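Asks: Okay, here's the prediction I keep looking at, along with the sequence it came from:
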Amino acid sequence: MTTDTTTQQGETVLDARGVTMRFGGLTAVKNVDLHVNSGEIVGLIGPNGAGKTTFFNCLTGLYVPTEGEVRYKGTVLPPKSFKVTAAGIARTFQNIRLFSNMTVLENVLVGRHTRTKEGLWSALLRGPGFKKAEKESEARAMELLEFVGLAHKRDHLSRNLPYGEQRKLEIARALASEPGLLLLDEPTAGMNPQETRVTEELVFAIRDMGIAVLVIEHDMRFIFNLCDRVAVLVQGEKLVEGDSATVQSDERVVAAYLGEPYEDTATAADSDAPSSPAPQAQDEDQAAAEPGKENDR
Ligand SMILES: Nc1ncnc2c1ncn2[C@@H]1O[C@H](COP(=O)(O)OP(=O)(O)OP(=O)(O)O)[C@@H](O)[C@H]1O
């Protein structure tokens, strides 16, 4: 198993400062600072309801933070998710959001739309420029499917894939937008231990492609194996941030989140049962709740 997380770390890719998100009287995220450097894998952990997904939604333009600022490579991000994707941040969702009636390949091609230059007329007329761009996009999409191990399923409908493969497909689709930063929201939820290990290797490989990664996960073994740095959110506030050893041994984290020392829970973390509830339409449910409606898709 790969546990070497050393890599070249350079410029600040993501710089979130003082991010606060209130839903009426509830402060879901409170004054959170977080940065991610190129070459880094950063983990975001915390108990259920700590504000992790809300924070992700603030980073990706799904929510406009009540206060604070999010910069990507030094530029303040526009509060629109498609513009955030075009800027270079891609994400996956806790509740998988694939186009279920499209094939595996088509799902990845959808992810490429921010990087294709051909306009509406070109698409309608299907001229030579469009056909060339279409071929290039398909070739790139197939490379990504190879990368995540799904090339042989290119023509399957995404809804027919097993759950773990749907998660991989979401990652391939996110990579299709050629991001500089990938946000993964519980990428191993519902996976068995073997699938989790494969996902771990996949995330290392993504980092080695030059893409920084910020990952939310409840599986502590996965997080502590993978991440260069881990931030802990509790009740919307950042409690601790540091390398895996620092975070694991911090008494506040043990008390607030782990409940007991990590060493004692490692076996449990490797059990077959997902450490978080089965995926559900949580984001959609939350989106329906005013005033924290999603900004767009
Ligand atoms: N759209 C919304 N409207 C109102 N409250 C919301 C909304 N979205 C999230 N919340 C609340 O904000 C808090 C943080 O929720 P969030 O989903 O961000 O936590 P989380 O750390 O991602 O939890 P989990 O690990 O269970 O996914 C919770 O109390 C949640 O009920």
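Replies: Right, received. Where do you want to start?
Asks: and the helix of greatest length in the chain, how far out from the chain's middle?
Replies: Taking DSSP state H as the criterion, the chain has its longest helix at helix 128-148. Distance of helix 128-148 from its chain centroid, counting by C-alpha atoms, centre = their mean, to the nearest Å, is 23 Å.
Asks: got the contact list for the helix or strand following it?
Replies: Per DSSP states H and E, the first helix or strand lying C-terminal to helix 128-148 is helix 163-175. Residues outside helix 163-175 that contact it (C-beta atoms under 8 Å, 6 or more residues apart in numbering): 90-93, 96-98, 104, 107-108, 110-111, 141, 144-145, 147-150, 153, 158, 161, 182, 184, 187-192, 195, 199, 202, 206, 211. C-beta here means a position set from N, CA and C on the backbone, and glycine is covered the same way.
Asks: Are any of those residues buried, and if so which?
Replies: 90-93, 96-98, 104, 107-108, 111, 141, 144-145, 147-148, 150, 153, 158, 161, 182, 184, 187-191, 195, 199, 202, 206, 211 (16 or more other C-beta atoms under 10 Å).
Asks: From those residues, which land in helices?
Replies: Per DSSP H, helices hold the following members of the buried ones among the contacts of helix 163-175: 104, 107-108, 111, 141, 144-145, 147-148, 195, 199, 202, 206.
Asks: Quick check: beta-bridge partners of the spatially most central residue of the chain?
Replies: Centroid-nearest residue in the chain, with C-alpha atoms, centre = their mean: residue 184, separated by 1.7 Å. Beta-bridge partners for residue 184, by DSSP bridges, are residue 215.
Asks: what bits of the protein have low per-residue confidence?
Replies: 1-9, 114-130, 257-297 (pLDDT under 70).
Asks: Go again with 90.
Replies: 1-10, 48, 78-83, 86, 93-97, 100-101, 110-138, 163-164, 189-191, 248-297 (pLDDT under 90).
Asks: Show me which residues of it are close to the ligand?
Replies: 23, 26, 28, 46, 48-54, 94, 286, 289, 292 (C-beta under 6 Å from any ligand atom).
Asks: now for the longest helix of the chain, which elements pack on it?
Replies: helix 104-111, helix 120-125, helix 163-175 (3 or more C-beta pairs under 8 Å, 6 or more residues apart in numbering; DSSP states H and E).
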